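[1] attaching a predicted model along with its sequence, questions to come.
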Amino acid sequence: MKSELSERNASGPSDPNSIVRFDFLTFSPYPDEMKATLTSKGQITIPVAIREKLGLKPGDQIEFDENATILVGRRVVNPAEWNQAMTAWRNSAREALAGHPWADVSGAELIDDLRGGPADSAAADSGSGP
C-alpha cells in the first residue's frame, strides 16, 4: 500500500504542482536535551550537560572551526588561568619528586637512565645502529 507522499513523489518533478518530499524518517542519535536552536540573532543556548562537562561559565569564549565538515566549537582557555594551572601542576610535581633521585635530573638524563644508559652517539651519527 502506497502512502499519499509516495504517490506524490511518484508523479515526480515534471508535475509543476508536485511538491518533492522525502518519504522516510530521519533519526537523530542525540536526545532532545542535547540540541540547540539557532535564534534570529544567530545565538544558541548550549545544553546544560555540555556546559557542565566543559566547565563553561557565563563570559567564557568558544571558538569555531569554519574549515571543519561539522560544527566544532572549542572553549578558549584564558592565558592567565592556563599559566596558573601550569604553575600549580609544576609545584605539585616538584613536591611529589622531593627527595626522589630524579628530582634534579634533566629530561634527557632521565630518558638515558630509563633506557639503561646514554645512546651511543657514534653509532647514531653513522646510522649503523641496531
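    On my side now, so go ahead.
[2] switch to C-alpha atoms for all contacts and neighbour counts from now on
    OK.
[3] what about the strands in the chain?
    Ranges of strands in the chain, per DSSP state E, are 62-64, 73-75.
[4] mind putting those in CSV, mean pLDDT and mean neighbour count included?
    Below are these laid out as CSV (pLDDT from 0 to 100; neighbours: other Cα atoms under 10 Å):
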stretch, mean pLDDT, mean neighbour count
strand 62-64, 89, 11
strand 73-75, 85, 12
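[5] export those strands to TSV and append columns for distance to residue 108.
    Below are these laid out as TSV (distance: least, Cα to Cα, whole Å):
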stretch	distance to residue 108
strand 62-64	36
strand 73-75	34
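[6] just the helices in this protein please.
    4-11, 48-54, 79-97, 107-115, 121-126 (DSSP state H).
[7] run a quick neighbour tally on residue 76.
    Residue neighbour count, defined by other Cα atoms under 10 Å, stands at 12 for residue 76.
[8] which residues touch residue 110?
    For residue 110, the contacting residues are residue 102, by Cα atoms under 8 Å, 6 or more residues apart in numbering.
[9] I meant residue 119, not that one.
    Contacts for residue 119 (Cα under 8 Å, 6+ apart) come out as residue 112.
[10] from residue 57, how far off is it?
    Per Cα to Cα, to the nearest Å, residue 119 is found 49 Å from residue 57.
[11] contacts for stretch 42-52?
    Residues contacting stretch 42-52 (Cα under 8 Å, 6+ apart): 33, 34, 35, 36, 37, 38, 57.
[12] okay, now the unreliable bits of the chain?
    For the chain, the stretches with pLDDT under 70 are 1-33, 121-130.
[13] now with 80, please.
    1-34, 119-130 (pLDDT under 80).
[14] how about the helices of the chain in CSV, adding distance to residue 42?
    Formatted as CSV, the helices of the chain follow (distance: least, Cα to Cα, whole Å):
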stretch, distance to residue 42
helix 4-11, 33
helix 48-54, 19
helix 79-97, 27
helix 107-115, 49
helix 121-126, 58
